[in-house]
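1. Sequence plus predicted model, see below.
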Amino acid sequence: MKATLMKLNYLRGLLAILLVSLLASCGGSKTPKNAQGQLIGVSPRPKYYPPVPYGMVYVQPGTFHMGPSDEDVNYAFTARNKSISISGFYMDATEITNNEYRQFVNWVRDSIAHILLGHVKQDDGQDVIDWKQKIDWKDKGINEKLDAMIYSEADRLYGRKDIDVGKLIYHQETFNWDKAKLRENAGKPRSQFIVKKDVPIYPDTLCWIRDFSYAYNEPMTRMYFWHPAFDNYPVVGVNWHQATAFCEWRSKFWEDYRTSKKLFTEDKFQLPSEAQWEYAARGGREQTPYPWGGYYIRNKKGCLLANFKPGRGNYPEDGGFYTVRADAYWPNDYGLYCMAGNVAEWTADIFYENAYSFTSDMNPYLRMDVPDDAPLKMKRKAIRGGSWKDIGYFLQTGTRTYEYQDSAKSYVGFRCTIALSRRSKGRH
């Protein structure tokens, strides 16, 4: 009797194992026919061909000494030398231009107009904009429906119904990684880390007359952002929030396209970290003060190598009174233009004087989301590269300075980076 019960229990256990195996083979991922019971990974998987973002160049991973390559003339000790390693990334070959930023502005303008006109369709139970619908901006009937976007009668010049640029607002949704990584937040729902905010995105064109007292710069205020003569010049008057909103929009714009074509989505565009910016600016050259590699700001013919202020009150000697084209002068060895001069550039990092003493030596990054009502010292964001109105010291690759995240300047622009998957053969 005992032997019979043992045999029955053995048969039941064997039947349970067979049943689990059968269920596993019927659902979930398919087991390849040639697996032969071995661990060979999920199959089939599509081949991956990494895309190259338009207008960007690849910066190879490597190690470099971050910090000043010459004497710290201010003796501020805000950038002591430190050896760090950087993983590879793509970076815009030029600063973001007026015309590129205008694509963002027009997208926001059109999206608001589509919603006001009722050009909305259902997609997975959600209301989304039907971009196939056309907007005839010259149609008087359509313009009447867009009154919510137009300046009020009291704010019009000669009665022109211009778009109120203050109403061009981008709805941004991001994930707060700094908050999510904290141990005390482990297991909390994802909604706790999603940040939603509305960002006015039109450049502050008044920065041209606000930045300089008793100076006649009104023509730049009136023309710089919209006139075709300045299409390929770097966009300015954009604060740190607007620059990050542009990166977020650019990411979503590309992601929506790739998803529609059933392609893999990629990582997000973002502002470079200070370390990424300096590593890229050096162009693979060690311990040289400027992106072109030399110790001087003129070549052997006496020609200036960047757009800056070479002498007191001498703005036009380098060929540009204000900014110049974003692809002016020779690029550095990575193919990056104007990493010194033209406009200084926002980075993703907050500015902290002693940051190099505690940030990692692998992809250092000092990120913090700070509200605009925080103390001034907390709102400082690092900018790099110097600008058309700066002296040569600020053009050095190791020079650090800052602007406040909610301020827009006529001498500060930005460019984007993105970390894409690339094949690495490694060493054998």
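-> Looks like it arrived, so ask away.
2. C-alpha only now, for contacts and for neighbours.
-> Noted.
3. For stretch 95-106, buried residues please.
-> For stretch 95-106, the neighbour count (16 or more other Cα atoms under 10 Å) marks 95-99, 101-102, 104-105 as buried.
4. Looking at the residues you listed, which is nearest residue 217?
-> Nearest to residue 217 out of the buried residues of stretch 95-106 is residue 98 (Cα to Cα; 18.0 Å).
5. Check the gap between that closest one and residue 129 for me.
-> Per Cα to Cα, to the nearest Å, residue 98 is found 26 Å from residue 129.
6. cool, residue 43 as well?
-> With Cα to Cα as the criterion, residue 43 and residue 129 are 36 Å apart.
7. Looking at these two, which has the bigger crowd around it?
-> The residue with more neighbours, out of residue 43 and residue 129, is residue 129; 18 against 12, by other Cα atoms under 10 Å.
8. So what does that one have for phi and psi?
-> Note on residue 129: its backbone torsions stand at phi -70, psi 140 [degrees, to the nearest 10].
9. shouldn't it be in contact with residue 120?
-> Yes. Counting by Cα atoms under 8 Å, a contact exists between residue 129 and residue 120, whose distance comes to 4.6 Å.
10. any shared contact partners between these two?
-> Counting by Cα atoms under 8 Å, 6 or more residues apart in numbering, the common neighbours of residue 129 and residue 120 are residue 114.
11. Which parts of the stretch 251-400 of the chain are strands?
-> In the stretch 251-400 of the chain, strands defined by DSSP state E, counting those that start in this stretch lie at 344-350, 380-384, listed in chain order.
12. Using JSON lines, please lay out those together with mean pLDDT.
-> Converted to JSON lines, the strands of the stretch 251-400 of the chain look like this (pLDDT from 0 to 100):
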{"stretch": "strand 344-350", "mean pLDDT": "97"}
{"stretch": "strand 380-384", "mean pLDDT": "97"}
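13. can you put those in CSV and add mean neighbour count and distance to residue 217?
-> As requested, the strands of the stretch 251-400 of the chain are exported to CSV (neighbours: other Cα atoms under 10 Å; distance: least, Cα to Cα, whole Å):
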stretch, mean neighbour count, distance to residue 217
strand 344-350, 26, 19
strand 380-384, 25, 24
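14. need those strands in TSV with distance to residue 302, can you?
-> Supplementary listing: the strands of the stretch 251-400 of the chain in TSV, determined by distance: least, Cα to Cα, whole Å:
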stretch	distance to residue 302
strand 344-350	24
strand 380-384	25
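15. For residue 291, find the nearest of these.
-> strand 380-384 (12.2 Å).
16. Run me through the strand neighbours of that closest one, direction for each.
-> Paired strands of strand 380-384, with direction, are strand 344-350 (antiparallel), strand 401-404 (antiparallel) (DSSP bridges).
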